[in-house]
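> Everything below, folded, please.
(one chain, ligands or ions: 2)
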Amino acid sequence: MTQLGLFAGGHLAVDRSFATAHRVRLDDTSWIEHVPGWLSGSDDLFAALLADAGWEQRDRWMINRVVREPRLTAEYTDLVDAPHPFLHTVTSALSDHYGVPYDGLWMNYYRDHRDSTGWHGDWPTCKRDICTVPVLSLGAARRFLIRPRDGGRSIGFTPASGDLIVMGGRCQRDWRHSVPKQATPAGPRISVNFSSRLQATPL
Ligand SMILES: O=C(O)CCC(=O)C(=O)O
Ligand SMILES: [Fe+2]
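Ligands and ions are numbered 1, 2, ... in the order given. Below is the predicted model of the structure:
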C-alpha cells in the first residue's frame, strides 16, 4: 500500500499494485474483476462524500408515467469538480492501471436495502464495443450482479467498503448488471463509477 493522502484524520490509500485483483472471464470477450480492499480509509471517504457530494433525486419517464429513481445520484462530468481531493488520486491510479483516461465521476447513494439499480448496460458513458468501467464501493456491502443481456444465470459479487469491481471487454454490450433491493436491512452505500470521454465517444 502506498500512502497517498491524509484527510480529516483519515488515512486514505489505494493499492497501486492491484495485488488482490481476481478476474472472472464471463465469455470469450467479456470479463469482470473484483479487487478486495483496494482502497483503505474507505469509511472516511464515504462520510466525506455523503456530506459533500451534490446528491440529487432523479425521476425518469417509464413509458407513460414518471418514476422516482430508488437511489440518489451525484454526477461530475468533469473530474476537476470532484467533491473530494482524493478522488483525483483514485482516478489516476485507475487510469494508469487500466489504460483508460478516466475524467468523470458518476456516484450512486443507496440509502438502505430498499434502494437499488435495475438491470442495465452503461449508456451513454460507454459508446464503444470495448469499455472498462471501474466501480468503487463505499459503506455497506451490497450484492452486485451481472448476467447475459438476453437472460440467463447471474454471477454475483458482494463488494465490501473499499472494494473495486471492474467490468471490461464487451460487458456493456453483451451483459447487464444490477444492484438489487434486498429483504435484509443494510446500511447506506455509495458507489463511485468512473467515466471517460474517450469511451463515451463512438469509434
Ligand atoms: O452501484 C453499483 O455498484 C453499480 C451502479 C451502476 O451500475 C451504475 O450507476 O451504472
Ligand atoms: Fe452501471
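> Surely L138 touches L49?
Yes - using CB atoms under 8 Å, L138 is in contact with L49, at 6.9 Å. The C-beta positions use only the backbone N, C-alpha and C, and glycine is treated the same way.
> Comparing those two, which shows the higher neighbour count?
L138 (26 against 23; other CB atoms under 10 Å).
> Please identify the helix or strand for the more buried one.
If you go by DSSP states H and E, L138 is part of strand 133-139.
> related to what we said a few turns ago, need the residues touching each of L138 and L49.
Residues touching both L138 and L49 (CB atoms under 8 Å, 6 or more residues apart in numbering) are 190, 192.
> elements contacting the strand holding L138?
If contacts are counted by 3 or more CB pairs under 8 Å, 6 or more residues apart in numbering; DSSP states H and E, strand 133-139 sits against helix 42-52, helix 86-98, strand 164-169, strand 189-195.
> Distance from the chain centre to stretch 151-171, please.
Centre-to-centre, stretch 151-171 and its host chain are 10 Å apart (CA atoms, centre = their mean, to the nearest Å).
> quick check: mean pLDDT across that stretch?
Model confidence over stretch 151-171, given as mean pLDDT, is 97.
> how long is it end to end?
Stretch 151-171 has its terminal residues 14 Å apart, counting by CA to CA, to the nearest Å.
> Buried ones in it, by neighbour count?
Across stretch 151-171, burial judged by 16 or more other CB atoms under 10 Å covers 154, 157, 159, 161-171.
> any chance of those in CSV, plus distance to G41?
Shown next, in CSV, are those (distance: CB to CB, whole Å):
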residue, distance to G41
S154, 31
F157, 22
P159, 16
S161, 10
G162, 8
D163, 13
L164, 14
I165, 19
V166, 20
M167, 25
G168, 26
G169, 31
R170, 34
C171, 28
